[in-house]
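> Sequence first, predicted model second:
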Amino acid sequence: MTIFDEQAQWRPGLRESYLFDRNAIAEIQRAAREGIYDIRGFGAKRRVPHFDDLLLLGASISRYPLEGYRERCDTNVVLGSRFASKPIELKIPVTIAGMSFGALSAPAKEALGRGASEVGTATTTGDGGMTAEEREHSQTLVYQLLPSRYGMNPDDLRKADAIEVVVGQGAKPGGGGMLLGHKISDRVAAMRDLPQGIDQRSACRHPDWTGPDDLEIKIGELRELTDWEKPIFVKVGATRTYYDVQLAVKARADVIVVDGMQGGTAATQDVFIEHVGIPTMPAVRLAVDALEELGLHRQVQLIVSGGIRSGADVAKALALGADAVSIGTAALVAMGDNSPEFEQEYRKLGSSAGFYDDWQAGRDPAGISTQDDELSGRFDPVLAGHKLANYLRVLNLETQTLARACGKSHVHNLEPEDLVALTIEAAAMARVPLAGTDWIPGVGEHGS
Ligand SMILES: Cc1cc2nc3c(=O)[nH]c(=O)nc-3n(C[C@H](O)[C@H](O)[C@H](O)COP(=O)(O)O)c2cc1C
């Protein structure tokens with residue numbers, strides 16, 4: 001049952017409009033009442049082509065599967081082997097995406113570090129800077145340099161293990177983030193050098209850039225600042241991915257992070273989340289095309305994010321050519337966000353557990369997307385860190401089991417040839433055959 005069912009008054013003969021469905025009507029009514037666009041967290045809620053539209057071809061006679069408990073299937077990933085003298089080494093191909101302190105509570109940031117460290121992977125800071133707890137509990141921590149520069153601190157930057165220059169996010173390519181006033185506690189305000197309790201809008205572009213050449217200058221500065229030791233990542237929201245990846249590579253990035261339109265956000269205009277950018281699945285293909293054309297696939301590593309939930313999603317992203325994936329929303333769910341145990345409290349917020357539309361509001365009963373001391377005090381970072389670690393282990397085991405079934409001794413040996421598509425759209429976007437055929441739409445007779 002959803003929260004809408006209780007209000008439904010359906011009787012035989014009543015026909016609901018497809019275009020003006022309940023959500024469309026409710027949104028028009030809300031806009032007319034409030035006079036401002038809807039701001040919410042989470043990612044796209046409508047269906048767009050996704051990894052679910054792809055299937056893996058397990059081995060049979062023509063291919064040879066590996067035995068689960070006896071034959072190795074490695075999952076380690078090296079990030080930053082192009083230029084950095086100290087690349088990052090991860091045990092699993094899943095990292096924790098950048099999520100801001102401000103959007104998330106300090107204990108939640110700490111738990112992300114604990115969970116990631118327990119399984120040998122990296123976590124990432126976010127808008128608003130690095131917290132001491134986060135650094136202390138994260139074995140490998142990536143420091144984000146964002147357009148807003150909120151919380152930017154060169155000393156913290158040097159304490160990180162890699163730097164991520166954020167150009168954009170999948171949920172809002174071309175747009176800036178928001179942090180509503182009720183989440184701007186004294187600590188958040190102090191770290192961002194901004195007043196307490198006032199809505200903050202993050203910049204949509206870096207203040208000192210006018211074009212792609214400036215990205216190269218910025219990366220050069222960051223290399224100097226970190227003695228050429230730390231890998232430099234560039235994160236882009238998925239739009240003109242082929243060109244963006246080539247420009248980031250030309251600017252001498254070590255690692256490219258591509259975040260598709262299903263990617264989560266703490267607070268953004270709904271119209272952005274649902275209507276700007278391209279889905280994650282075709283973005284992987286375009287990014288790999290760009291790297292292959294430059295002869296740098298696997299030398300410049302590719303991390304993909306946006307809607308990753310299971311080992312199947314991970315395996316499919318890797319088969320399309322990603323080196324690793326990154327998760328945001330799923331990590332928060334694993335740590336207990338929107339858990340049914342808080343149903344009554346989510347109801348009081350006008351939401352319901354599992355709808356994930358309270359992140360911007362700052363009253364999260366799970367203590368994760370809040371700056372309220374009482375609420376965040378309920379959250380146990382040690383327990384949540386273990387839960388996250390368990391979930392990451394499952395993602396890794398699932399990825400391994402699928403890779404073994406395809407006969408691979410390393411998850412990076414998964415390849416497009418291991419995939420087929422369930423829909424014509426997915427076949428065209430991922431450039432793999434429609435299941436049961438050898439047809440890849442757009443590829444073939446015309447030589448494209
Ligand atoms: C609560 C929250 C806060 C976020 N804050 C940031 C941020 O500060 N910087 C950033 O680059 N991306 C931010 N993101 C986006 C994530 O880094 C990532 O791109 C996205 O969550 C991936 O999609 P997924 O949530 O479906 O896994 C945030 C996402 C969430 C859910």
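Yep, it's here. If you're wondering where the values come from, they're calculated on a predicted model, not measured in any experiment.

> isn't Lys86 right next to Trp228, touching?
No: with contacts counted by Cβ atoms under 8 Å, Lys86 stays clear of Trp228, the gap being 9.1 Å. Any C-beta I mention is one placed from the backbone N, CA and C, and that applies to glycine too.

> Helix, strand, or coil at the residue lying closest to Val245 once chain neighbours are set aside?
With Cβ to Cβ, 6 or more residues apart in numbering as the criterion, Val245 has its nearest non-adjacent residue at 3.8 Å, and that residue is Ala290. Classification of Ala290 using DSSP: H, G, I helix; E, B strand; the rest coil returns helix.

> List the residues that contact Ala290.
Contacts for Ala290 (Cβ atoms under 8 Å, 6 or more residues apart in numbering) come out as Thr241, Tyr242, Tyr243, Val245, Gln246, Val249.

> Need those residues in CSV (columns: secondary structure and pLDDT).
Converted to CSV, these look like this (DSSP: H, G, I helix; E, B strand; the rest coil; pLDDT from 0 to 100):
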residue, secondary structure, pLDDT
Thr241, helix, 98
Tyr242, helix, 98
Tyr243, helix, 98
Val245, helix, 98
Gln246, helix, 98
Val249, helix, 98
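
> hey, C-alpha coordinates of stretch 428-446 in PDB?
Taking Å, rounded to 0.1, in the frame of the first residue of the first chain, the C-alpha atoms of stretch 428-446 are listed here in PDB:
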ATOM      1  CA  ALA A 428      21.000   0.600 -29.200                       C
ATOM      2  CA  MET A 429      22.300   2.500 -26.100                       C
ATOM      3  CA  ALA A 430      24.600  -0.200 -24.700                       C
ATOM      4  CA  ARG A 431      25.500  -1.400 -28.200                       C
ATOM      5  CA  VAL A 432      24.900  -5.100 -27.400                       C
ATOM      6  CA  PRO A 433      22.600  -7.400 -29.400                       C
ATOM      7  CA  LEU A 434      18.900  -7.700 -28.600                       C
ATOM      8  CA  ALA A 435      18.500 -11.000 -26.800                       C
ATOM      9  CA  GLY A 436      18.000 -13.900 -29.200                       C
ATOM     10  CA  THR A 437      19.200 -12.000 -32.200                       C
ATOM     11  CA  ASP A 438      22.600 -10.700 -33.500                       C
ATOM     12  CA  TRP A 439      21.000  -7.300 -34.100                       C
ATOM     13  CA  ILE A 440      22.500  -4.200 -32.600                       C
ATOM     14  CA  PRO A 441      20.400  -1.300 -33.600                       C
ATOM     15  CA  GLY A 442      22.500   1.400 -35.400                       C
ATOM     16  CA  VAL A 443      25.400  -0.900 -36.000                       C
ATOM     17  CA  GLY A 444      25.700  -3.100 -39.100                       C
ATOM     18  CA  GLU A 445      24.900  -2.500 -42.700                       C
ATOM     19  CA  HIS A 446      25.500   1.200 -42.600                       C
END
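
> How much space separates Ser326 from Ile198?
31 Å (Cβ to Cβ, to the nearest Å).

> Tell me which of the two has more neighbours.
With neighbours defined as other Cβ atoms under 10 Å, Ser326 and Ile198 compare such that Ser326 has more, 28 against 11.

> So in terms of bridging, what pairs with that one?
Thr95, Ser305 (DSSP bridges).

> show me the contacts for it.
Counting by Cβ under 8 Å, 6+ apart, the residues that Ser326 touches are Val94, Thr95, Ile96, Ala97, Thr124, Val257, Asp259, Ile303, Val304, Ser305, Ile308.

> ok, which stretches of the stretch 251-400 of the chain are helices?
270-275, 280-293, 311-319, 329-334, 343-348, 373-377, 381-405 (DSSP state H, counting those that start in this stretch).

> Highest mean neighbour count out of the ones you listed?
Compared across these, helix 311-319 shows the largest average neighbour count, a mean of 27 (mean count of other Cβ atoms under 10 Å).

> quick one: is that one near the ligand?
No: Helix 311-319 lies out of reach of the ligand by Cβ under 6 Å from any ligand atom, never closer than 9.6 Å.

> Give me the angle between that helix and helix 381-405.
60 degrees (axes from the mean of the first three to the mean of the last three Cα atoms, to 10 degrees).

> Run the angle between helix 311-319 and helix 280-293 for me.
Using the same axes, to 10 degrees: helix 311-319 against helix 280-293 is 20 degrees.

> Helix 311-319: how far from the chain's middle?
Computed by Cα atoms, centre = their mean, to the nearest Å, the chain-centroid distance of helix 311-319 equals 14 Å.

> now swap in stretch 383-390 and tell me
Remark: stretch 383-390 is offset 19 Å from the chain centroid, using Cα atoms, centre = their mean.

> The ligand next: which of the contacts of Ser326 are close?
Ala97, Asp259, Ser305, Ile308.

> Next one: the second one relative to Ile96, how far apart?
Spelled out, that is Asp259. 13 Å.

> Comparing those two, which residue is more hemmed in?
Legend: neighbour count by other Cβ under 10 Å for Asp259 and Ile96, higher for Asp259 (32 against 26).
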